[in-house]
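1. predicted structure and sequence below. I'll ask about it afterward.
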Amino acid sequence: METKVINKRAGRIIADVLMVAYFLFALFPIFWMVLMSLKSTDELFTTQFVFKPTLDNYHAILFGDPRAAAGVVAKQEFPRNFMNSVIISSGSVIVSLIVGVPAAYALARYNFKAKENLAFTFLSFRFAPELVVIIPLSVIYRKLGLYDTYYGIIWVLQLITLPLLIWVLRSYFEDVSPEIEQAAMVDGYPWWRIFFRILLPLVRPGLAAASLLAFVFAWNTFMFPLILGASQVQTVTVSALGYVSSAQAFFNRMAAASVIASFPQMIVALSIQRYLIRGLSFGAVKG
Amino acid sequence: MNRRLLSLLLVLALALPVGMSVTSAQDEFDWRKHEGTTLRLLLNQHPYQQALVGELAKFTELTGIQTEYDVIPEQNYFDKVTIDLSAGDASTYDVFMTGAYMIWQYAPAGWMEPLEPYINDPAKTNPDYDFEDILPDLRNSEMWNLIPGRENLGQGSQYALPWGWEANALMYRTDLLEELGLGVPKSLDELVSTAKALKDANPEMAGIAVRGSLNWATIHPGFMTMYASSGCVDYDEEMRPAMNSECAVEVTEKWAQMVRESGPEAWTTYTWYQCGSDFGAGKAAMLFDADILGYFQNQPGTAPEGVLGNIAWAPGPLGPDGSLRTNIWIWSLAMNAGSKHKDAAWYFLQWATGKDFLTTAAVDYTFVNPVRQSIWDNPDFQARLAEQTDYYETFQIISANDMKIQFTPQPLFFETTTEWAGALQDIYAGADAKTRLDELAENLTFMLEDAGILD
C-alpha cells in the first residue's frame, strides 16, 4: 500500500518534470524571439552573451528607421501591414462564420442528396497545397480585378478558414440533441430564435475554438497574400521578410515584428478562453 | 544626263526634309509623349529599389507618366515575378527588376520584350541615352538568341538592361592578415592555406565565409569565379555537363576542403545574408562573394569597431595559368511582353537606366556597382569609393580581365545549378568528389535530354 502511494507520487513528479521540460522546450523559440527583438544589431551575431536590452528595433519598425534617408534600409510600413493582417484575418473569419455556421448546421441536421459529397468537397479545399492552385487563381484574379484587394484576399482565404469552421462546427451541432430544438418548437419559438437563442449558445465552445483556429490560420497564411496581393494589402507575414534585405539582415527587427504580430492571436485566444470548454451541452437532455 | 541630274536632285529634295525631321526629332525628344499613362513596376526590396523610389517623382515630373510600384522581399521576389509574367496578357506589371540568369527562363517563354527595337529607334530613345556607355560585358551578358550554349550569350536580342551589378571578389580583414604576416591569396591553394591559417589564429571566427545552402545561388559567387578562373567550364560545346572534368574535380575538392577546415560551422545553411552578416560582424576573416556585400557591411553604424575600415577588396585568386574570370550578377530592368503600355514602359526604362538617374543614385544613394563607365569616371563617385580600400582598383582589374556571366545559358539553369549545389554539399560532408560529380553529370545529362536541350 505504502509503495503504491510512493510510486503514484513519483509518477506524478516525473510527469510534472516532463511537463515543465516540454513547457520550456515549447516556449524556447518564443523566448529567443523576444530576446532577439531586444538586441542591437551588433550584438546579434556575437557568441559571447552580451545583452543590453534596447527598444530600438520596435522603434524602427513602428516609426521608421532614422537611417532610412541614407538609403540603408527602406522605411518600414509595419503599422500598415499589421492593420492589413488584422482586416484580412478578421474579415475572413467573419465571412466564414456567416457562411459556415448555417452550412455546418445543415450538414449536421438535415438529410439531403449528396450531403456527404458536399461536406467532402468543403474538406477537399484543404487537400491541395496552395501552390497547386495559385497560378490559375492569379490569372483569374487579375482578370476580375481582385488582385491586390481586401475582398480578393478575404475571399481566397475562405479556402483555409471555411472548411475548418464547417467541419469543427458540424460535430458540435451533431452533439446537440434535436430534442432541445423540438422542445423549443413546442414552446412556440420560431426557427430563427431557436437557432440564435438556443443552438448558438450551446455550440459556443465550438464556435470559439473554430474561430480562433481560423483566425490563426488566416493570420499565418503567406502564399496567398504574397501572390494575390501587393502593396495595398501586404500582410505582416510577407513584409516581415523584408527586414532581411540585401544591404543588411535585421533579424532583430524581424523578431520585433514577429513579437508584435503574435499579440492579436494571443489576445483573441485569451479573450475567448472561457468559452473553450467542450461539453457544455452534455447532459442537457436526459434520456 | 540632264534627266539623271534631275532625278538626283529630286531624290535629294525628297531626302532632305526626312533627314531634317530626324535631326529635329533628336533635338527635341518628346518626353511627354505618353503623358497620363500609368505604369506598374514590380520591384525587389533592395538598395537599388530605394534609390529608384526616392527619385521616381522626377520621372513623373519629366514625362507626366504616373507610376505605381510594389516592393516584394527578395526571398520570394522571383516567385512573384514568375507567376505574374506567366499570366501573359492578364499580367499586372509593365516593368520588373530581374537578374540576368532569369532571362534564360523568362525569354524562351516569351515573357520578356526584346529591347533592341526600342534602343535603336531614335524616335523612341532620347539622344542622351548613350547605351554604349553601359559596360559592354554587362550589356552582352543580357543578350541571348535563346539557343543553349556558351557562344550564344551576347548574341540575339537585348532582353534586359543592366541596372546595378556585383562582381565576385575576395574581401578580407587587413588587420588579421597583417597580424599573421600573410599576403592576399593569389591562387586557390593559397586561398585554402590562408583561410586555414586565419582560422587557426582566430578559432572563434571562420577563416572564410562562402555560401553553402542548397540553392543555385551557392554556386554563382565565389565558387563559380574560382571554377572559371581555374579554366573549368560548366558545359562543353555540345551542352554535355562538365562538372566532373579533371579540372572541376580538383577545384571542387579543394573548395570543400577549405570549407571543412576553415568555413563557418553551419555552412550548408549559408546564404548571402549569413555570409555578409558574419563578415560584417567580425565572425569571418575573409569573404569570397559579391563585392557590394562587403561594401554594405563596411558602413558606419553597421559595422562594429574593429571591422569598420579594416576591410579590403581584391580580385578572386587566379587560376593555374594566371587567368581571372570573374562571374557577375546583374540586377536589371526588363519589360513584360504582356504589358499594354510598352512605349511608356520604354520611357521608364531609358530614364531608369539613363545617366541622370544612375549618377544621382550612385552619388547620393547606395547604388553600387554602377553599370555605366561615365559613373565610374565620375569624381564624386570615386570620392565615395575612396573610403573602401582597393574597391575601385579591384573593379579595374576585374573588368580589364574576363568579366562576364561564366555560366552557360540554358532554360534549366536554376534546377541544374541547384543540383550542383547539392553535390557540393555532399562532397563537403565527405562524399568522394569524383564519384559524386560523375553522378551529378549523369543526372544533369538526363534532365537536359528530357528537356530536349541535349540530344
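-> Arrived safely.
2. what's the single longest strand in chain B?
-> In chain B, taking DSSP state E as the definition, the longest strand is strand B:161-173.
3. what's that strand packed up against?
-> When contacts are defined as 3 or more C-beta pairs under 8 Å, 6 or more residues apart in numbering or on different chains; DSSP states H and E, strand B:161-173 packs onto helix B:136-141, helix B:222-229, strand B:286-290, helix B:291-297, strand B:311-315, strand B:325-335, helix B:391-400. From N, CA and C alone the C-beta is placed, and that goes for glycine too.
4. show me what the fifth one is packed against.
-> Okay, so that is strand B:311-315. Counting contacts by 3+ C-beta pairs under 8 Å, 6+ apart, strand B:311-315 packs against strand B:161-173, helix B:291-297, helix B:391-400.
5. ok, now the first one?
-> In terms of contact count using 3+ C-beta pairs under 8 Å, 6+ apart, helix B:136-141 is assigned the packing partners strand B:161-173, strand B:325-335, strand B:402-404.
6. and the first one with strand B:325-335, angle?
-> Following axes from the mean of the first three to the mean of the last three C-alpha atoms, to 10 degrees, one obtains 140 degrees for the angle between strand B:161-173 and strand B:325-335.
7. please identify the buried residues of the next helix or strand after strand B:161-173?
-> Where DSSP states H and E defines the elements, the next helix or strand beyond strand B:161-173 is helix B:174-179. Burial within helix B:174-179, assessed by neighbour count using 16 or more other C-beta atoms under 10 Å in any protein chain shown, is assigned to B:176-177.
8. who touches helix B:174-179?
-> Judged by C-beta atoms under 8 Å, 6 or more residues apart in numbering or on different chains, the contacts made with helix B:174-179 from elsewhere in the structure are B:183-184, B:194, B:198, B:201-202, B:285, B:306, B:310-312, B:389.
9. nearest to chain A, of these?
-> For chain A, the nearest member of these is B:Gly306. The distance, counting by C-beta to the nearest C-beta, is 10.4 Å.
10. neighbours of residue 85, how many?
-> In the absence of a named chain, chain A is used. For A:Ser85, the count of nearby residues is 24 (other C-beta atoms under 10 Å in any protein chain shown).
11. wait, chain B was what I had in mind.
-> Burial of B:Leu85 is recorded as 25 neighbouring residues (other C-beta under 10 Å).
12. send me the helix or strand encompassing it as PDB with only the CA atoms.
-> Assigned by DSSP H and E, B:Leu85 belongs to helix B:77-86. The C-alpha trace of helix B:77-86 is given here as PDB (Å, rounded to 0.1, in the frame of the first residue of the first chain):
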ATOM      1  CA  TYR B  77      10.600  38.100 -55.200                       C
ATOM      2  CA  PHE B  78      11.100  35.800 -58.100                       C
ATOM      3  CA  ASP B  79       8.100  33.600 -57.200                       C
ATOM      4  CA  LYS B  80       6.000  36.800 -57.600                       C
ATOM      5  CA  VAL B  81       7.700  37.700 -60.900                       C
ATOM      6  CA  THR B  82       7.300  34.300 -62.400                       C
ATOM      7  CA  ILE B  83       3.700  34.000 -61.500                       C
ATOM      8  CA  ASP B  84       2.800  37.500 -62.800                       C
ATOM      9  CA  LEU B  85       4.700  37.000 -66.100                       C
ATOM     10  CA  SER B  86       3.000  33.600 -66.600                       C
END
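13. and the helix or strand following that helix, is it in reach of chain A?
-> With elements assigned by DSSP H and E, the helix or strand that comes after helix B:77-86 is strand B:95-99. No. Interface with chain A: strand B:95-99 contributes nothing (C-beta under 8 Å from any C-beta of the partner chain), its closest point being 11.6 Å away.
14. repeat that for stretch B:379-394.
-> No. Between stretch B:379-394 and chain A, judged by C-beta under 8 Å from any C-beta, nothing touches; the nearest distance is 12.0 Å.
15. now that stretch: buried residues?
-> Neighbour counts over stretch B:379-394 (16+ other C-beta under 10 Å) mark B:381, B:384-385, B:388-391, B:394 as buried.
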